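Engineer: here you go, sequence then predicted model.
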Amino acid sequence: MKDSNHWLWLAGLLLCGWLVYLLTPILSPFLVGILLAYLGDPLVDRLERCKLSRTWAVIAVFTLFSLLLLLLLLVLLPMLGKQLMHLYQLAPLALDWLQQQALPWLQQQLGLEEDFWRLDQLKAALSGHLGSTTDLVGVILSQATASSLALLAWVGNLLLVPVVSFYLLRDWDLIMAKLRSLLPRRREDVVMTLIGECHEVIGAFLRGQLLVMLALAVIYASGLMLVGLELGLLIGVLAGLASIVPYMGFVVGFGAAVIAVLFQFGLEPYPLLGIAAVFTVGQLLEGMLLTPMLVGDRIGLHPVAVIFAVLAGGQLFGFTGVLLALPVAAVIMVLLRHVHDLYKLSDLYTKHAAVAAEPPSEP
């Protein structure tokens, strides 16, 4: 490829990046639609192999997704809402517990000054805000409806997601075939190899890790509720969501559960042992069954890279950046792996190695 073509491709990439940056405010529903279509395409392909037409297979998958969403809205969200309200009401009591029991003990152990901890102002502000409102949903709705244009835009984006995902899912194979036909013929095999590796990594992470997160959320929430923890469902769901980063769900969930147990039961040993048993079982199932079976070793994304990708995407592009962070990080990882292999085969690497291996010449 000539130098002019290199510069042309670079200019095209820069232009695409600039356009993505400008269109960030409207990209979210399309990215969510692409994500749903990508996740649902294997199910549609399986239904097609069962002699079902593509359109009816898409309708069946959409019906399944809709039922799952309806179950989430009717069962899980009200329960989580009640626990959030309960947590909101317990916050002043938790501050009292910290101020009268936990922090004095810690202060005595560390030898801190008497007025080192100052929670009076925070407690007063929180109690005043709690007394001023009794309907958290009403506050959220009042804020959301403060701007009618913002509300209409939010509702429009929400309604746009199923439309985009339906048409993308129906025409997914055709779109992929059209894109492949546009590839340069001489580079098609190389590009398809790279795309195949990216697909394997992204698919393993999105499908496998999401299933692992769901399974861990169910395990943690069920176990914590059996122990008798009032906030067990909320903590279990948060621990499952945090499991997108390996071991992060265990750290976040176990820490929050221990604090909640100490606040609810005090220093009673049995609830603490129950919490330890729940998270031990969850970690054993994740390491020995869930991750090997659902994800495998195909991801290759380091936990630090996952954290950095999510934070960087959110900082640069907001919610759109969070949606793009992990797929882009997976693609970059695959490309860097091939760049590393090419570097090992290049003269820049081999000649230096050959020079270093030569014995010094005698005078």
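Structural biologist: Yes, it's here. Numbers count the residues shown, from 1 in each chain.
Engineer: alpha carbons of the helix or strand residue 6 falls within, in CSV - could you do that?
Structural biologist: Residue 6 belongs to helix 3-22 when assigned by DSSP states H and E. C-alpha atoms of helix 3-22 as CSV (Å, rounded to 0.1, in the frame of the first residue of the first chain):
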residue,chain,number,x,y,z
ASP,A,3,2.0,6.2,1.5
SER,A,4,-0.8,8.2,0.1
ASN,A,5,-3.2,5.4,0.8
HIS,A,6,-1.9,5.1,4.4
TRP,A,7,-2.6,8.8,4.9
LEU,A,8,-6.1,8.4,3.3
TRP,A,9,-7.0,5.6,5.7
LEU,A,10,-5.7,7.6,8.7
ALA,A,11,-7.7,10.6,7.7
GLY,A,12,-10.8,8.4,7.3
LEU,A,13,-10.4,7.0,10.8
LEU,A,14,-9.9,10.4,12.3
LEU,A,15,-13.0,11.6,10.5
CYS,A,16,-15.0,8.7,11.8
GLY,A,17,-13.8,9.3,15.3
TRP,A,18,-14.7,13.0,15.1
LEU,A,19,-18.2,12.1,13.8
VAL,A,20,-18.7,9.6,16.6
TYR,A,21,-17.7,12.3,19.1
LEU,A,22,-20.2,14.8,17.6
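Engineer: any idea which helix or strand comes after it?
Structural biologist: helix 24-49.
Engineer: now do that next one and helix 3-22, the angle between them.
Structural biologist: Taking axes from the mean of the first three to the mean of the last three Cα atoms, to 10 degrees, one finds helix 24-49 and helix 3-22 inclined to each other by 100 degrees.
Engineer: what is the mean pLDDT for helix 24-49?
Structural biologist: Confidence for helix 24-49, expressed as mean pLDDT, is 84.
Engineer: would you map the strands across the stretch 251-363 of the chain?
Structural biologist: With DSSP state E, counting those that start in this stretch as the definition, the stretch 251-363 of the chain shows no strands.
Engineer: worst mean pLDDT across the helices and strands of this protein, which element?
Structural biologist: Sorting the helices and strands of the chain by mean pLDDT, DSSP states H and E puts helix 136-144 at the bottom, at a mean of 52.
Engineer: after that one, which helix or strand is next?
Structural biologist: Next element after helix 136-144 (DSSP H and E): helix 148-170.
Engineer: counting by contacts, list what that next one packs against.
Structural biologist: helix 24-49, helix 54-71, helix 136-144 (3 or more Cβ pairs under 8 Å, 6 or more residues apart in numbering; DSSP states H and E). From N, CA and C alone the C-beta is placed, and that goes for glycine too.
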